[in-house]
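In: from the sequence below, what's the structure:
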Amino acid sequence: MALLTVDGAQLNYGLQILLDKVDFVVERGQRWCLIGRNGAGKSSFLKVLAGEVTLDGGSVKVDRGVRVARLAQDLPEADGRSVFDVVAEGLPGVGQLLARYYQLTEGTGQLAEGADSAASEAWVEELTRIQGKLEALDGWALQQKVDAILTRLELTGSAPMASLSGGWRRRVALAQALVVEPDILLMDEPTNHLDIAAIEWLEKELKAFTGALIFITHDRALLRSVATHIAELDRGHLRTWSGNYQSYLEYRERALAEEARHNELFDKKLAQEEVWIRQGIKARRTRNEGRVRALKDMREERRARREQQGNATFDLGKAGLSGKLVAELDNVSFRYGERTIIDAFSTRIIRGDRIGLVGPNGAGKSTLLKLVLGELSPDSGKVKLGTNLSVAYFDQLRDQLDLDKSAVDNVSEGRDSIEINGKSKHVISYLSDFLFSGERARTPVRALSGGERNRVLLAKLFSKSANILVLDEPTNDLDVETLELLEEVLGQFNGTVLLVSHDRAFLNNLVSSVFAFEGHGQVREYIGGYDDWLRQGGRWVEPGAAAGGAPSPEPAEARPAGSAPEPAAPAVKAKKLSYKLQREFDALPQKIEKLEAEIERLQLQMAEPDFYSLPAEQVDEHLKQVAEVQQQLDDCFERWAELEDMGA
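Out: Alright, predicted model coming up:
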């Protein structure tokens, strides 16, 4: 049964056609990945599905009772709000009441000891008023939902947002989206700001989600693991595919080849008709008038055709070779205050090495880069730099771009032409290699999409001669085709590459060795890419990562060096429960484990490429079973939270 139906959707931004009579149907259990070139309109389409953007034509119909939630691309603010407050905001109407009740009873609004009678009366009066409103809106049941989702995602409700890392703020945002128990979850680049451990945690959560999922991502490992269906937005049209990403690529190649063949035949016939019209009308008048009208229609059809956007074709400006030795580190240590970032690390970087730096956010990857490049001095140990080093640096925050200037002004820096490996190119022609039309190249960077800004920064970076490339998260927001080309270009670069990335596929395809930050200042070198690091025993055991690979809610900088991370949501053992309730409480963890294992088994069956080719009755029965097990699991979490409160 369709949860959401898009019928003939039309959406234009100025002269750009984003949606051209698009049809789309979403059913429960489907996990759609929305792909397409930067600027194709993917984020706009997601906002259309969420009801945040009004169509110019067509309609979006959501089935009665279906709940839609959208995980925003930006992280929640790292401010003074508590985690409970932010998650409760996901409940329309009652969220603010729950947040205020939480503040009055457990948070910042709690009555202080020794408060005067006037303050006590005001506190009691407000608490009574909030309780009355919550009872009228069935707020207590909704509070249980908030508590259950906090428990499920291992979040501490009282923790301030300012104390959380980017990975944990992403987890809070996901909790805010899931608290309404959505039937359809929309996500735009959910892996942004996450380290690899958090991405792997998110991947597991998404595969366990029983509703319909529609997401945009540049992370090919996540795409291949999670998506059961592919939808590509291309020149205003939506091409859909039931199956995994690899099978879709094969299908698309055939579809584009057929489109090219059709266009070639059409253009050939149009050329013949143009020759005929120039020679004059020689046949009977009525017949010729029909042929003239047909020619006009063909001209109009050719004029309306939107050609497929070409691939980016960029090259690197190469400086002279550096010395064979790029840098040598001998027992290098570095600390920030009491915290050890790097402890007695030794390595030699040789010309041509392609090294990936792997570790959680805030582990010290940027610090190590600065030590290697001589921008920081170690607290102990020695750093020896090679000769003839020419460095080009890619900044993930894009601070090198002036947002008020155009792409042309940012890249040219006053020049009319760019010289790449002895060949001169006009700056507009150079930017066209990065898929910028003349109009787009003159648009202020502030008005460009995230992917387009990344391409501007790549254009600026590659216009300079260098023999060392330092790339800090270069893959963010790039479309898959540009990502693959970037891999190819970097693979052919004969200089040295130092890469910080959380894109597992990018690391596997590019780097020859990994510097892994494994906690307590320990940095170890491994041969190969990310998967090779795992095979050689690499593991996430750093301060800032809780057991199981998820980052700790307390920032690593706030803890003394060497201290163990505190659990995110410690279980509170019931002390005042009756014998019967205590036995029920003790049995719940095992029951929850069994239900989670059952859901994982059912989800693996759903992830099979041919699952949705089964008879409709069999698919519906399977989805019904998944929903029932998920409901049992949710009930267990709610009961666990209830018993925990009773015994607190």
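In: hmm, who's touching the helix or strand harbouring residue 18?
Out: Element membership for residue 18 (DSSP states H and E) is strand 16-27. With C-beta atoms under 8 Å, 6 or more residues apart in numbering as the test, strand 16-27 has contacts from 1-12, 32, 40-41, 44-45, 48, 55, 57-58, 184, 212, 214, 231, 233, 235-238, 240, 306. (Glycine included, C-beta is placed from N, CA and C.)
In: mean confidence score for stretch 202-219?
Out: Averaged across stretch 202-219, the pLDDT comes to 88.
In: picking that back up, and the contacts of strand 16-27, which of them are buried?
Out: 3-4, 6, 9, 11, 32, 40-41, 44-45, 48, 55, 58, 184, 212, 214, 231, 233, 235-236, 238 (16 or more other C-beta atoms under 10 Å).
In: from the contacts of strand 16-27, which land in helices?
Out: Residues of the contacts of strand 16-27 located in helices (DSSP state H): 44, 45, 48.
In: the second one is in contact with residue 34, isn't it?
Out: Yes. Using C-beta atoms under 8 Å, residue 45 and residue 34 qualify as a contacting pair, with a distance of 6.7 Å.
In: which residues do the two both contact?
Out: Counting by C-beta under 8 Å, 6+ apart, the residues touching both residue 45 and residue 34 are residue 233.
In: where in the stretch 301-450 of the chain is pLDDT low?
Out: Within the stretch 301-450 of the chain, the stretches with pLDDT under 70 are 303-321, 395-399, 421-422.
In: report the separation between the nearest residue to residue 642 once chain neighbours are set aside and residue 637.
Out: Once flanking residues are discounted, residue 642 sits nearest to residue 144: 7.0 Å by C-beta to C-beta, 6 or more residues apart in numbering. Using C-beta to C-beta, to the nearest Å, one gets 9 Å for the distance from residue 144 to residue 637.
In: neighbour count winner among the two?
Out: The residue with more neighbours, out of residue 144 and residue 637, is residue 637; 21 against 17, by other C-beta atoms under 10 Å.
In: was I right to think the more buried one contacts residue 145?
Out: No. Using C-beta under 8 Å, residue 637 is not in contact with residue 145; the gap is 9.6 Å.
In: for residue 131, give its distance to residue 104.
Out: 9 Å.
In: actually residue 464, not the one I wrote
Out: Residue 464 is 58 Å from residue 104, by C-beta to C-beta.
In: with residue 450 instead?
Out: To residue 104, residue 450 is 40 Å away according to C-beta to C-beta.
In: again with residue 35
Out: Taken as C-beta to C-beta, the span from residue 35 to residue 104 is 47 Å.
In: and these two? Which one has more around it.
Out: Applying other C-beta under 10 Å to residue 35 and residue 104 shows that residue 35 carries more neighbours, namely 24 against 18.
In: which strand residues bridge the more buried one?
Out: Under DSSP bridges, the beta-bridge partners of residue 35 are residue 232.
In: cool, and residue 13?
Out: In this structure, residue 13 bridges to residue 16 when assessed by DSSP bridges.
In: so what does the host helix or strand of the residue nearest to residue 642 touch, helix or strand wise?
Out: Per DSSP H and E: residue 144 is located in helix 139-152. Counting contacts by 3 or more C-beta pairs under 8 Å, 6 or more residues apart in numbering; DSSP states H and E, helix 139-152 packs against helix 83-88, helix 95-105, helix 117-136, helix 166-178, helix 616-647.
In: ok, and what's touching the fourth one?
Out: In this structure, residues lying in contact with helix 166-178 by C-beta under 8 Å, 6+ apart are 69-72, 75-76, 78, 83, 86-87, 89-90, 149-150, 153, 155, 161, 164, 185, 190, 193-195, 197-198, 201-202, 205, 360-361, 550-553, 568.
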